[in-house]
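Peer 1: Need a 3D model of the following:
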Amino acid sequence: MSVSPFDHPLLSALTGDEEVAACFSVEADLAEMLAFERALAEAEAEEGLVPAEAAAAIASAAAQFSPDMEALRAGVRQDGVVVPALVRQLRHAVGPRHGEFVHFGATSQDVIDTSLALRLGRVSTILSRRLERLIAALDALNARDGEIETMAHTRMQAAIPVPASRKIRSWRDPLHRDRQRLARVEEEIGVLTFGGAAGTLEKLGDAAGPVTHRLAQALGLHALPRPRHSERDGVTAFASWLSLTTGSLGKMGQDIALAAQSEVGEVKLASGGGSSAMPHKVNPVGAETLIALARFNATLVSGMHQSLVHENERSGAAWTLEWMVLPQMAVAAGAAMLTAERLLDGLSFNARGARA
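Peer 2: Residues are numbered from 1 along each chain as shown. Modelled structure (predicted):
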């Protein structure tokens, strides 16, 4: 049993996405945090801030590190974030000779936000790939059924006959624009967060800039002139994109659900859901799921906009809200894309003379 439909033993069949969810797992998060600590030590060694043998010891310990999860949980309960407890354990693993150089000059938010940036990059790649498949599937549907005559509806009333391509392109073109938007959003999320206690990197002195650039290069992220600890517009833009994209898919789902009604019969579904009481029914489960996921993300995106409001240089409350909302939105978007792929596989428009 789970309080979330995304990992519920049963409901996840509708709303889950294991590939996207894996990017938000504790294993993925800790792996990227350790990658940050390893890359930080190596960058600082290159600039002479820590001994080279200390960086090597940190890299070796991080590669073999097995955290005490209960101690990490206790640390989160006390500190609100996992990093202080994680750093204590990693320092112990490195040993007393070099342990003091672990996490030198960094702060918890540097580690957490950089880990998120790395994982959101993977999410973006997954979703981009799926968008391309959906666009191709709609192009194929248009090539096959685009000339079939169907009825346009305005304000839920029959309007005039139009080719099916009129509807198909209204599903396909927003996804194409969503794909273009994603390329711009990726620039906002693929950034290194590194600023130390209050964003000034005061412990690094003149080496702050060179270490930042070395660290960003090692992790495959963009270096910024200064960190954005309390500037959450980039990650919120990604959340807004998730809502826009699920909304585009929800519109397609709504159209298909209406067109598949028994008394309309403009489209045929390859398969549908059955009824425990009415065996003659073929319920448009996939289309309905797209609608529900679109409405879910449209609801949650307001929470991400609330998380923009950080007081001063860091807010524990706004930051925690972001952690609660963003993973669900990403999984919902991923599930919507998988559902849309299955829905389009076998969907066909009925010629007017062939309708019941």
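Peer 1: When you work out contacts or count neighbours from here on, use the C-alpha atoms and nothing else.
Peer 2: Noted.
Peer 1: Does Leu127 touch Gly334 like I think?
Peer 2: Yes - with contacts counted by Cα atoms under 8 Å, Leu127 reaches Gly334, the gap being 6.4 Å.
Peer 1: more neighbours, the two?
Peer 2: More crowded of Leu127 and Gly334, by other Cα atoms under 10 Å: Gly334, with 29 against 22.
Peer 1: Report all helices and strands that the strand or helix carrying the more buried one contacts.
Peer 2: Taking DSSP states H and E as the criterion, Gly334 maps to helix 316-344. Applying 3 or more Cα pairs under 8 Å, 6 or more residues apart in numbering; DSSP states H and E, we find helix 316-344 packed against helix 12-15, helix 18-22, helix 108-145, helix 233-259, helix 285-306.
Peer 1: Please convert the ones you listed to CSV, extending it with distance to Thr200.
Peer 2: CSV is the format used below for the helices and strands packed on helix 316-344 (distance: least, Cα to Cα, whole Å):
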stretch, distance to Thr200
helix 12-15, 42
helix 18-22, 33
helix 108-145, 12
helix 233-259, 20
helix 285-306, 26
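Peer 1: Partner strands of whichever helix or strand comes after the helix holding Gly334, with direction?
Peer 2: Per DSSP H and E, the first helix or strand lying C-terminal to helix 316-344 is strand 348-349. When pairs are called by DSSP bridges, strand 348-349 turns out to pair with strand 267-268 (antiparallel).
Peer 1: Could you check how far the strand it pairs with is from the centre of its chain?
Peer 2: Remark: strand 267-268 is offset 32 Å from the chain centroid, using Cα atoms, centre = their mean, to the nearest Å.
Peer 1: just use 26 as the starting number from now, easier for me
Peer 2: New numbering, starting at 26: the last item is strand 292-293.
Peer 1: Outside of that strand itself, list whatever touches it.
Peer 2: 281, 284-285, 372-375 (Cα atoms under 8 Å, 6 or more residues apart in numbering).
Peer 1: Return the residues in contact with Arg98.
Peer 2: Taking Cα under 8 Å, 6+ apart as the test, what Arg98 contacts is Val107.
Peer 1: Next, it: phi, psi?
Peer 2: Dihedral pair for Arg98: phi -60, psi -40, per degrees, to the nearest 10.
Peer 1: Distance check, it against Val108.
Peer 2: 11 Å (Cα to Cα, to the nearest Å).
Peer 1: got it, and Arg209?
Peer 2: 30 Å.
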